[in-house]
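Enquirer: structure for this input, please:
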Amino acid sequence: MSNSRLQSISNTLKESGLDALALNPSPSLLYATGLHFHLMERPVVALFAADGRIALVLPELEMAKLSNLSYEVEAFAFNEDPATWTDVFRKAVNFLGLDGKKIGVEPLAMRIIEYRYLQAAAPQATFPDATEAIASLRIRKDENEIASMRRAAEIAQNALEATLPMIKVGVSEKEISSELVMQLLKHGSESPFPFQPIVSGGPNSANPHASPSERKFQEGDLLVIDWGANCNDYVSDITRTFAIGEIDAEYRKIHEIVQQANAAGRAAAKPGLPASVVDDAARKVIDDAGYGEYFRHRTGHGIGMEGHEAPYMRAGNERILEVGMAFTVEPGIYLLGRNGVRVEDDMVITKDGAESLSTLPREIRVLE
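Expert: Numbers count the residues shown, from 1 in each chain. Purely as a prediction, here's the structure:
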């Protein structure tokens, strides 16, 4: 854990007009502290004051995690009696003098249980949305973060290559998804995965977020595989589309269109331009080919410690791309009830443009 991150948090809180930041178990808490906690029935909250002090409310059984920290934390541990927990939260809040102050929270991560304990401990405080402040801390990746993401892409790609020989007519989506999970672990992915692999063939491939089913692959299916790995708490998120045997000419056509849209989105990404240009470039290819109505989602999303984070590659997003920002480019065409295509890569903005961290061939591959 770098002390520079803690200093950045302090600086960001001051710039945002916040007196403190409250984080419960989440990628943001991991980013800020280097500590792994999981969501459970016992609350965990770290309070970061703008003056740099940190208070951590946690169960007594988790105290061992604090034994080798390189920075100072005031720990407030509670026992197994929930009746005592509010008092422990109150002690942490009073230690930092936060009642009546602005305590930023992350709405997508903060649970009701932690939020209510904080409210009870600081009844005069307000809890504004700190999403943008947190995004500003995490959105530009440094060399070490990018290296971990690059390795996560390599692990994912190697795992898929080891899985592909199993794919043939008569094998089910669930069978391939299970094999891919095993290969991800064999090839070095840590857990948790950014998401469970999506393996969807034929009509199911036209559902962008399909869950693997018992459906068996058939001749003429398109097969969408969307998967990722975890390396040093940073993830990859890649999609490739395959053909099961011979496929209709239209399916080859839409794959070529999506592949071109992916290339256009990747080429459009440059520092100093708004995120929307990536979506505009990819979407134009599909629109011009007459399939615009079948591309139903944004072109991409940020990636890092989470599979989905800022910045978002969507129409109208004027956030300016900066060196170190990482995101996906994943256009698709989905013909409901028939077949679908998606081609997705992980990108990072460089001084001159953008680099793809994923390198697996994007051309359609025929699996017999």
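Enquirer: residue 161: what secondary structure?
Expert: State at residue 161, reduced to three classes by DSSP: H, G, I helix; E, B strand; the rest coil: helix.
Enquirer: now do the contacts for the closest residue in space to it that isn't next to it in sequence.
Expert: The shortest distance from residue 161 to any non-neighbouring residue, by CB to CB, 6 or more residues apart in numbering, is to residue 360 (8.0 Å). Backbone N, C-alpha and C define where each C-beta goes, glycine included. With contacts defined as CB atoms under 8 Å, 6 or more residues apart in numbering, residue 360 is in contact with 157, 160, 161, 238, 240.
Enquirer: the helix or strand that contains the first one packs against which elements?
Expert: Assessed by DSSP states H and E, residue 157 sits inside helix 143-163. Under the contact criterion of 3 or more CB pairs under 8 Å, 6 or more residues apart in numbering; DSSP states H and E, helix 143-163 touches helix 173-186, strand 222-227, strand 230-231, strand 234-235, strand 238-244, strand 345-349.
Enquirer: mind checking these for the one nearest to residue 281?
Expert: strand 345-349 (12.6 Å; CB to CB).
Enquirer: neighbours of the closest residue to residue 73 other than its chain neighbours, how many?
Expert: With sequence-adjacent residues excluded and distances taken as CB to CB, 6+ apart, residue 73 is closest to residue 54, at 4.8 Å. Residue 54 has 23 neighbouring residues, counting by other CB atoms under 10 Å.
Enquirer: next: residue 290.
Expert: Applying other CB under 10 Å, we find 9 residues neighbouring residue 290.
Enquirer: mind picking the two most distant members of the contacts of residue 360?
Expert: The largest separation in the contacts of residue 360, counting by CB to CB, is between 161 and 238 at 11.9 Å.
Enquirer: ok, those two, which is more surrounded?
Expert: Just comparing residue 161 and residue 238: by other CB under 10 Å the higher neighbour count belongs to residue 238, 24 against 12.
Enquirer: isn't the more buried one up against residue 156?
Expert: Yes - look at residue 238 against residue 156 with CB atoms under 8 Å: they come within range, at 5.6 Å.
Enquirer: overlap of the contact sets of these two?
Expert: Common neighbours of residue 238 and residue 156 (CB under 8 Å, 6+ apart) are 227, 228, 358.
Enquirer: which of those sits closest to residue 130?
Expert: residue 228 (26.7 Å).
Enquirer: ok, that closest one - contacts?
Expert: Residue 228 touches 152, 156, 193, 194, 195, 197, 235, 236, 237, 238, 307, counting by CB under 8 Å, 6+ apart.
Enquirer: excluding residues flanking it in the chain, which one is nearest residue 37?
Expert: residue 25 (4.0 Å).
Enquirer: list the contacts of that neighbour.
Expert: Going by CB under 8 Å, 6+ apart, residue 25 touches 37, 38, 39, 44.
Enquirer: is it true that residue 76 touches residue 56?
Expert: Yes - using CB under 8 Å, residue 76 is in contact with residue 56, at 6.8 Å.
Enquirer: the two: which is more packed in?
Expert: residue 56 (25 against 19).
Enquirer: let me know the secondary structure of the most centrally placed residue in the chain.
Expert: Residue closest to the average C-alpha location in the chain (CA atoms, centre = their mean): residue 307, at 1.6 Å. Classification of residue 307 by three-state DSSP places it in coil.
Enquirer: out of everything not next to it in sequence, what's closest to it?
Expert: Nearest to residue 307 is residue 194, by CB to CB, 6+ apart, at 3.7 Å.
Enquirer: how about residue 315?
Expert: Distances taken as CB to CB, 6+ apart put residue 279 closest to residue 315, at 5.3 Å, once the chain neighbours are dropped.
Enquirer: was I right about the one you found contacting residue 311?
Expert: No - if you go by CB under 8 Å, residue 279 and residue 311 don't touch, sitting 11.0 Å apart.
Enquirer: for residue 76 and residue 56, list the residues in contact with both.
Expert: residue 92.
Enquirer: below-threshold pLDDT in the stretch 1-150 of the chain: ranges please.
Expert: 1-2 (pLDDT under 70).
Enquirer: show me where it has its helices.
Expert: 3-16, 27-33, 85-96, 112-121, 131-138, 143-163 (DSSP state H, counting those that start in this stretch).
Enquirer: of all these, which one comes closest to residue 317?
Expert: helix 131-138 (12.4 Å).
Enquirer: buried residues, the closest one. List them.
Expert: 131, 133, 134, 135, 137, 138 (16 or more other CB atoms under 10 Å).
Enquirer: run through the bridge partners of the residue nearest to residue 73.
Expert: Beta bridges link residue 54 to residue 48 when assigned by DSSP bridges.
Enquirer: any chance of TSV for the shared contacts of residue 238 and residue 156, columns distance to residue 9?
Expert: TSV is the format used below for these (distance: CB to CB, whole Å):
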residue	distance to residue 9
227	33
228	27
358	31
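Enquirer: good, wrapping up.
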